[in-house]
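*Asks:* predicted model, plus sequence, below.
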Amino acid sequence: EAQVTQNPRYLITVTGKKLTVTCSQNMNHEYMSWYRQDPGLGLRQIYYSMNVEVTDKGDVPEGYKVSRKEKRNFPLILESPSPNQTSLYFCASSGGTVNSPLHFGNGTRLTVT
Amino acid sequence: GENVEQHPSTLSVQEGDSAVIKCTYSDSASNYFPWYKQELGKRPQLIIDIRSNVGEKKDQRIAVTLNKTAKHFSLHITETQPEDSAVYFCAAVSGGYQKVTFGTGTKLQVIP
């Protein structure tokens, strides 16, 4: 089954404790991206990757890192999480052309205390 | 950068009525406009999309219109059903997904 898999689904952590949210897709998509969803703000793009070893900042990249060493994986790294990073995070992938829609993962609800 | 405004933020309609959600965008480089539906606790899923060289697209009860000159696009749902209740997001995309800007969402409630 074609899908985008995120882990974990839920994560509670403390300020400053490094964490990684994994994202993997099995559709051989070139484009992958991360979004955070907050009430009243919609989905905001954190980082995106057009292909392996090619990443770029979205609208809200501060406090986040990403890597794209393999085509299928695109982890989101929070080196020193802060409470304002408490949010619902979605990973998504796309074939990358204008005709290709985004396929979203199931989301990761992160709470930073 | 791109700015996408979406209205209304909430919308209640009676079952069988039509619902219209409107979005405006600011960047003339945006050339792809998808609409996503997000049910409670689930991931957003594409319901319809339109490219900048097309003015209107229809898929059964759902249609999208685009006015490039005015930089706005709208989602139309006819004969609404309770299962249409969800949050709907519009988006403006440029550069083949290099830049994706979402609207803030519309919570649609269809009352049986």
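*Replies:* Yep, it's here.
*Asks:* hey, which strand is longest across chain B?
*Replies:* The residue-count maximum for a strand in chain B (DSSP state E) belongs to strand B:86-94.
*Asks:* and after that strand, which helix or strand comes next?
*Replies:* Heading C-terminal from strand B:86-94, the first helix or strand you meet, by DSSP states H and E, is strand B:99-102.
*Asks:* put the alpha carbons of that following strand into PDB.
*Replies:* Extracted as PDB, the C-alpha positions of strand B:99-102 are listed here (Å, rounded to 0.1, in the frame of the first residue of the first chain):
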ATOM      1  CA  LYS B  99       6.600  26.900  -2.000                       C
ATOM      2  CA  VAL B 100       3.300  25.700  -0.400                       C
ATOM      3  CA  THR B 101       1.100  28.100   1.500                       C
ATOM      4  CA  PHE B 102      -2.100  26.900   3.100                       C
END
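*Asks:* correct me, but residue A:105 touches residue A:8?
*Replies:* No: applying C-beta atoms under 8 Å as the test, residue A:105 and residue A:8 come out as separate, 11.4 Å apart. Any C-beta I mention is one placed from the backbone N, CA and C, and that applies to glycine too.
*Asks:* and these two? Which one has more around it.
*Replies:* Legend: neighbour count by other C-beta atoms under 10 Å in any protein chain shown for residue A:105 and residue A:8, higher for residue A:105 (23 against 12).
*Asks:* give me the sheet partners of the helix or strand of chain B with the lowest mean pLDDT and which way each runs.
*Replies:* Ranked by mean pLDDT, DSSP states H and E, the weakest helix or strand in chain B is strand B:99-102, scoring a mean of 89. Using DSSP bridges, strand B:99-102 pairs in its sheet with strand B:86-94 (antiparallel).
*Asks:* mean confidence for the partner strand?
*Replies:* For strand B:86-94, mean pLDDT rounds to 95.
*Asks:* same deal with stretch A:51-71?
*Replies:* Averaging pLDDT along stretch A:51-71 gives 95.
*Asks:* any idea how far residue A:78 lies from residue A:1?
*Replies:* Relative to residue A:1, residue A:78 is positioned 29 Å away (C-beta to C-beta, to the nearest Å).
*Asks:* looking at those two, which is more packed in?
*Replies:* Applying other C-beta under 10 Å to residue A:78 and residue A:1 shows that residue A:78 carries more neighbours, namely 21 against 3.
*Asks:* hmm, residue A:18 and that one touching each other?
*Replies:* Yes: under the criterion of C-beta under 8 Å, residue A:78 makes contact with residue A:18 at 6.8 Å.
*Asks:* for chain B, just list every one of the strands.
*Replies:* Using DSSP E, strands in chain B cover B:4-7, B:10-14, B:19-25, B:32-38, B:45-51, B:56-59, B:62-67, B:72-77, B:86-94, B:99-102, B:106-111.
*Asks:* adding mean neighbour count, write those strands out as JSON lines.
*Replies:* Shown next, in JSON lines, are the strands of chain B (neighbours: other C-beta atoms under 10 Å in any protein chain shown):
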{"stretch": "strand B:4-7", "mean neighbour count": "18"}
{"stretch": "strand B:10-14", "mean neighbour count": "13"}
{"stretch": "strand B:19-25", "mean neighbour count": "20"}
{"stretch": "strand B:32-38", "mean neighbour count": "22"}
{"stretch": "strand B:45-51", "mean neighbour count": "17"}
{"stretch": "strand B:56-59", "mean neighbour count": "12"}
{"stretch": "strand B:62-67", "mean neighbour count": "18"}
{"stretch": "strand B:72-77", "mean neighbour count": "21"}
{"stretch": "strand B:86-94", "mean neighbour count": "24"}
{"stretch": "strand B:99-102", "mean neighbour count": "24"}
{"stretch": "strand B:106-111", "mean neighbour count": "17"}
